[in-house]
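Visitor: here is the input, now give the coordinates:
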Amino acid sequence: MFTSVLMIEKALTSADVEFVTTLHGDESVAFHVLLQPRGDQADRLLRAIDDVALGELDEAVRERETPEGEAAKGVGEQALAVSLQALRASGSEAEGRLIEDHPLDALKSLVDEIGADEVIVLTDPHYVEEFFHRDWASRARHKVGVPVLKLFSHSKA
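Guide: Predicted structure coming up:
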């Protein structure tokens, strides 16, 4: 069995589930999902800049309506539950948890703890962070000691 750590920032769509569960053909995969709820206002600014870069001005304006920090925890728990249920419904093993602080440290610990074969980072595009190599995937490649695959989710957060 192949063991993947899947880092996400929102609930998986059916397209996302199909995408990650078919990466290894017929080989069975156990997913260990890490979801970080929305962060602080600095994260909100970066998301708004990404929206502007994509020409989605309406989305940039709506960023302030999205729950942040502690208010986002309930939304994160629900997104995690939906994602785990969808992965299990596809025939994969799946377990997961929320991470609130230091996501890359939590990722490194989990990779070591379970002996993961790979890390999959599935997020919306984050152009500012990616340009400066500050996104999860870029930073994880230098930290976890296993292959890191960066994928873009199939829907906007």
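Visitor: contacts and neighbour counts: CA atoms only from here.
Guide: Fine.
Visitor: other SSEs contacting the top helix by length along the chain?
Guide: For the chain, the longest helix by residue count, based on DSSP state H, is helix 73-89. Contact analysis of helix 73-89 by 3 or more CA pairs under 8 Å, 6 or more residues apart in numbering; DSSP states H and E lists helix 14-21, strand 29-35, strand 93-98 as its packing neighbours.
Visitor: now the angle from the first one to helix 73-89?
Guide: The reference is to helix 14-21. What separates the directions of helix 14-21 and helix 73-89 is an angle of 60 degrees, with axes from the mean of the first three to the mean of the last three CA atoms, to 10 degrees.
Visitor: okay, the angle between helix 14-21 and strand 29-35?
Guide: Angle of helix 14-21 versus strand 29-35, following the same axes, to 10 degrees, is 130 degrees.
Visitor: residues contacting helix 14-21, please?
Guide: 29, 86, 87, 90, 92, 153, 154 (CA atoms under 8 Å, 6 or more residues apart in numbering).
Visitor: check those for burial and list the buried ones.
Guide: Applying 16 or more other CA atoms under 10 Å to the contacts of helix 14-21, the neighbour count classes 29, 86, 87, 92, 153, 154 as buried.
Visitor: wait, the fourth one sits on residue 27?
Guide: No - with contact taken as CA atoms under 8 Å, residue 92 and residue 27 are classed as non-touching, separated by 10.1 Å.
Visitor: tell me which two of the buried ones among the contacts of helix 14-21 sit farthest apart.
Guide: 29 and 154 (20.6 Å; CA to CA).
Visitor: can you add distance to residue 120 and pLDDT and give the buried ones among the contacts of helix 14-21 back as TSV?
Guide: Converted to TSV, these look like this (distance: CA to CA, whole Å; pLDDT from 0 to 100):
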residue	distance to residue 120	pLDDT
29	12	94
86	17	97
87	14	97
92	15	96
153	11	83
154	15	71
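Visitor: since that was my last question, I'll sign off now.
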